[in-house]
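# Turn this into a structure:
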Amino acid sequence: MTSSRSSAAPTSSIPGMWESQISAEMLAKAGVRFAFTQPFNGDVFWDEERPNEGGRNVVVSEQHGDILRAPWSAKTRVHEMGGLSWLVTLWNGASGLLFCEASDQRLYWQVDGGEPVAITPESSTDVSWRYCDMLIRGDEIWCIREASGHDATTRSLIAISPDGDIRELDSQSHFYAHLTLSPDDNMLAWIAWEHPQMPWDGTELFIADINHSGQLENKKVLAGSKTEAVNSPTWVAPHELCYLSDASGWWNVWSTNTDGESGIVSQDNSEWALPMWFVGWRYLSYVGNNTVIGTRGPLAQREIVALDVTTGTWTSLASELNAFFTFSTTRHNVYAVGGGVSHMPSVVSFTISQHKQDRVIQEIPLPVSSDFFSTPYEATFPSVDGRIVHAIMFPPANPHYATPGLTPVIITAHGGPTGHEDAVANIKYAYFTSRGFTVIAVNYGGSTGYGRAYRNALRGLWGVVDTEDIIAVAQGVINQGIAEPEQVFIRGGSAGGFAVLNALVHSDIFAGGADYYGVADLIPLAQDTHDFESRYLDSLVGPYPESADLYIERSPLTHTHKLNVPVIFFQGLDDPIVPPSQSQAFRDVCIEKGLRHKYFEFEGESHGFGRADTIILCAQEELQFYRELITEPHDLP
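Okay, here's the model as predicted:
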C-alpha cells in the first residue's frame, strides 16, 4: 500500500515515544521471506517462508497458488544455513515438485495434484543425510548430498534413479555448489572448496566429462584458487562458460573454454555477486544471443543487467527496485526476488527485450501508508587509521510528528560478519523509525558489496575493525547533530550480536544494547560449531588453538568488567550455530554485576527467528527496553 503524504498537522513529541500505525504483529505478517524463483512450463514458481505457519517453507505457483500443502515444508539443512531445496521439473514421465522435507531431510517427489512420496532413505541414528541443488539428467536426479555425523560431516555429488538407487559421482571435495550441465548434457560444471576457505575466500570451478555409464571422468579445474573466489558458472556454448570471479578485486564476469583459457569479459568496479551463504544463490545466467543476465551496482542502487559477452557491454533492465537477492531466467524473461526504498520484498518479472520490469508477481505490501517508512540512503563516516566506513541511514518518518533535530539512534550491526545491509524498505526498522528513532545499519569493514579489499578488512581482525567502525559511526552521528548523545543504542544478531557485546564493553558511547543470539566467547565457537563455519575463524581471528590468546582477547566475555549499561538478550534454544550457553554466560555477568537486563529464550527457534509469536514478543520487548532507557536513563539496577 502506498499513498501521498498525510494532510494531518504534525504534532511535536519526544522522538522514540511517538505513536505509530506499525504494530509488532505487522512485523510477523510482513516477515514472509522469498528466497528462490523458477520458471517451468509457462508458469512461475517461488518459495515463501511463513512465520504465521511456524516458519514453514511453501512452494507457490503463480497459476495455482500453494503447491506444497501443510504440514510439508521444503527446507534443507545443508551447511545448517539452508539453500535451494526444491525443483519443479519433469521426471520419471510426469511433472511435479522435487523437494527436501524439513522434518526428516529426505527428498520427496510430488506429482502434480498428488501426495509427496519419499525417494531417499531415512537417516540413521549416526548420520543425517541432507540434499540440495537438484537437477535432472536423463531419468536421474543429480544433486549435492551432505552426510552429517557425530564426528564428521562429508559431502558428495550423487545421482538418484527412479527406483531410489543412489550412486556417487564425486566425493573428493569438502564443499560443493552450483551444479550445471552443458547444453548437450555431456559435461558437468560445479564449484568446490575446502577448509579453511569460506566460499568468498577461495573456490574452484571444476568441469568433468560424463561417460556413457553416467560417471564423471577427466575432471579438472578451470578457474579459481585458495585466494580467488569464483561462482555462478553458466554454459554459453558446448565448450565455453561464463562465471564470476573476484580476481580483479571485484566479482566480475569472466569467460573460459574447457581447456582453461580464461579472461575477463567486463571490468567493473562493482560487485556482480554476493557471498554464498546459501547453496543455490547464483548470480549469472545465460539466455542465448551471447547474453548473460546478472546483477551489479552499488548497494544503494543494485540493478539487473543484460551483458553482451562478446563486447563486454551491458544494458540495465529498469525497475523500481534497487536490491536483488536471487533470480532465474528463460530466454525472454527474468524472475527476481528483490526490494526497493519504497517496496517490501517482491517477486518481479522483467522482459529482457524491453529492458524493463513488466509486472509484480508477488509482494509483501506495505501494511500502512508509505509515510511511515523511511527513505534510506547511503552515507560514509571516518574511522580509525583513515578508514572510511559505509552505512545505510534510515531517518525518522511519521506524518503525525515533526522531527525536532536530535533523535535517539539505534545502530544496527549485520550478521555474517561477511554480509551487508541494503537500502530498501525495511518494516523491522520502520517499526522504530516511525516512532522517532534514527536507525543506522553499519556496513563495517569486512562487509560485502564494496570489493574484495573492503571484504578482507576483517581478516585476522574480527572484533577489532568492526568494533572500531561501529563506534566511529556512533560518534559521527553525535558530532553531526543527528543523535541525542545519551540515547545511542545498538542492536544485532549472531556476528552482529558479537559486535553489540564488543561495542558495549569497549566504549561508553552506548546507552544500552539488544543482543540476538550473539557470540560472547570465541573459544567455544571455534571448538564446537557446525561444519560450514568450523574454520571460518581461521581467517577472521587465527587458527585455533595456536591463536588461543587472540580468541580470549577478542571475546566480549573477557572484558565484561567494563560493562556498565543495560542489555536485553534474545536466544533460540535450538540454535546449532551460537548455542544458548553464549547468551546465558553474558546474562549471568549482568546478574552478578546487578546490571539492568532482560533475557528471553525460545523453544523451537534456531539461528534466526521464524515464528510469529517470537517475532512479535521480541519487537515489543526491544522497543520497551529502549523507551525505558530514554525516560529513565539512570535507573540501571
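# In space, not sequence, find me the middle residue of this protein.
Centroid check for the chain by CA atoms, centre = their mean gives residue 277 as the closest residue, at 6.3 Å.
# residues in contact with the nearest residue to that residue once chain neighbours are set aside?
Leaving out its chain neighbours, the residue that sits closest to residue 277 by CB to CB, 6 or more residues apart in numbering is residue 81, at 5.6 Å. The C-beta positions use only the backbone N, C-alpha and C, and glycine is treated the same way. Applying CB atoms under 8 Å, 6 or more residues apart in numbering, we find residue 81 in contact with 277-279, 532.
# Widest-spaced pair of the residues you listed?
Greatest spatial distance among the contacts of residue 81 (CB to CB): 278 and 532, at 10.5 Å.
# Now do the shared contacts for those two.
With CB under 8 Å, 6+ apart as the test, residue 278 and residue 532 both reach 79, 81.
# rewinding a little: got the confidence number for the residue nearest to the centre of the chain?
Per-residue pLDDT puts residue 277 at 94.
# swap in residue 51?
85.
# That one: neighbour count?
Counted with other CB atoms under 10 Å, residues neighbouring residue 51 total 22.
# Return the distance of it relative to residue 613.
9 Å (CB to CB, to the nearest Å).
# Now do the shared contacts for the two.
Residues within reach of residue 51 and of residue 613 at once, by CB under 8 Å, 6+ apart, are residue 28.
# follow-up on the earlier one: out of the contacts of residue 81, list just those in helices.
Members of the contacts of residue 81 lying in helices (criterion: DSSP state H): none.
# Output those in JSON lines; the columns should cover distance to residue 153.
Formatted as JSON lines, these follow (distance: CB to CB, whole Å):
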{"residue": "277", "distance to residue 153": "17"}
{"residue": "278", "distance to residue 153": "17"}
{"residue": "279", "distance to residue 153": "14"}
{"residue": "532", "distance to residue 153": "8"}
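# From the residues you listed, list just the buried residues.
Among these, the ones that count as buried by 16 or more other CB atoms under 10 Å are 277-279, 532.
# Report the secondary structure state of residue 325.
When classified by DSSP: H, G, I helix; E, B strand; the rest coil, residue 325 comes out as strand.
# burial of it, as a residue count?
Using other CB under 10 Å, residue 325 is surrounded by 21 other residues.
# Same check on residue 552?
Here the number of neighbours of residue 552 (other CB under 10 Å) works out to 13.
# Check for me that it belongs to a helix.
Yes. Counting by three-state DSSP, residue 552 is part of a helix.
# For the closest residue to it other than its chain neighbours, grab phi and psi.
Closest residue in space to residue 552, ignoring its immediate chain neighbours: residue 558 at 5.5 Å, by CB to CB, 6+ apart. Torsion angles at residue 558 (phi, psi; degrees, to the nearest 10) stand at phi -70, psi -30.
# low-scoring pLDDT stretches of the protein, where are they?
Applying pLDDT under 70 to the chain flags the ranges 1-12, 633-637.
# so how far is whichever helix in it runs longest from its chain's centroid?
Under DSSP H, the helix in the chain containing the largest number of residues is helix 612-631. Relative to its chain's centre, helix 612-631 lies at 24 Å (CA atoms, centre = their mean, to the nearest Å).
# For it, name the packing helices and strands.
Here helix 612-631 touches helix 24-29, strand 407-413, helix 427-433, strand 483-493, strand 512-516, strand 567-572, strand 597-602, going by 3 or more CB pairs under 8 Å, 6 or more residues apart in numbering; DSSP states H and E.
# Relative to the longest one, what are the paired strands and their orientations?
Strand 483-493 has these partner strands in its sheet, going by DSSP bridges: strand 407-413 (parallel), strand 512-516 (parallel).
# Extract the C-alpha trace of the shortest one and format it as CSV.
The C-alpha coordinates for strand 512-516 follow below in CSV (Å, rounded to 0.1, in the frame of the first residue of the first chain):
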residue,chain,number,x,y,z
GLY,A,512,22.2,0.0,26.0
GLY,A,513,22.2,-2.9,23.6
ALA,A,514,19.9,-5.6,22.2
ASP,A,515,21.7,-8.9,21.6
TYR,A,516,20.1,-11.5,19.4
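# what does it contact?
Strand 512-516 has contacts (CB under 8 Å, 6+ apart) with 489-494, 496-497, 500-501, 503-504, 565-571, 583, 586, 609, 618, 622, 625-626, 629.
# The longest one now?
Applying CB under 8 Å, 6+ apart, the set of residues contacting strand 407-413 from outside is 15-16, 396, 421, 429, 432, 436-442, 444, 466, 470, 473-474, 477, 482-484, 487-492, 495-497, 499-500, 503, 510, 626, 630.
# what's the angle from that strand to helix 612-631?
130 degrees (axes from the mean of the first three to the mean of the last three CA atoms, to 10 degrees).
# For strand 407-413, buried residues please.
Buried residues in strand 407-413, counted by 16+ other CB under 10 Å: 407-413.
# Off-centre distance for it?
Distance of strand 407-413 from its chain centroid, counting by CA atoms, centre = their mean, is 21 Å.
# if we can go back for a sec, sort out which one of the contacts of residue 81 lies nearest residue 362 for me.
Among the contacts of residue 81, residue 278 lies closest to residue 362 (CB to CB), at 19.7 Å.
# which residues does the closest one contact?
Residue 278 makes contact with 35, 79, 81-84, according to CB under 8 Å, 6+ apart.
# Apply 10 Å and report the result again.
With contact taken as CB atoms under 10 Å, 6 or more residues apart in numbering, residue 278 is in contact with 35-36, 76, 78-79, 81-85, 132, 177, 325-326.
# Likewise for residue 336?
So residue 336 contacts 34, 37, 293, 295, 304, 317, 319, 321, 324-329, 346-350, 357, 361 (CB under 10 Å, 6+ apart).
# Recalculate using a threshold of 6 Å.
Contacts for residue 336 were tallied using CB atoms under 6 Å, 6 or more residues apart in numbering; they are 324, 327, 348.
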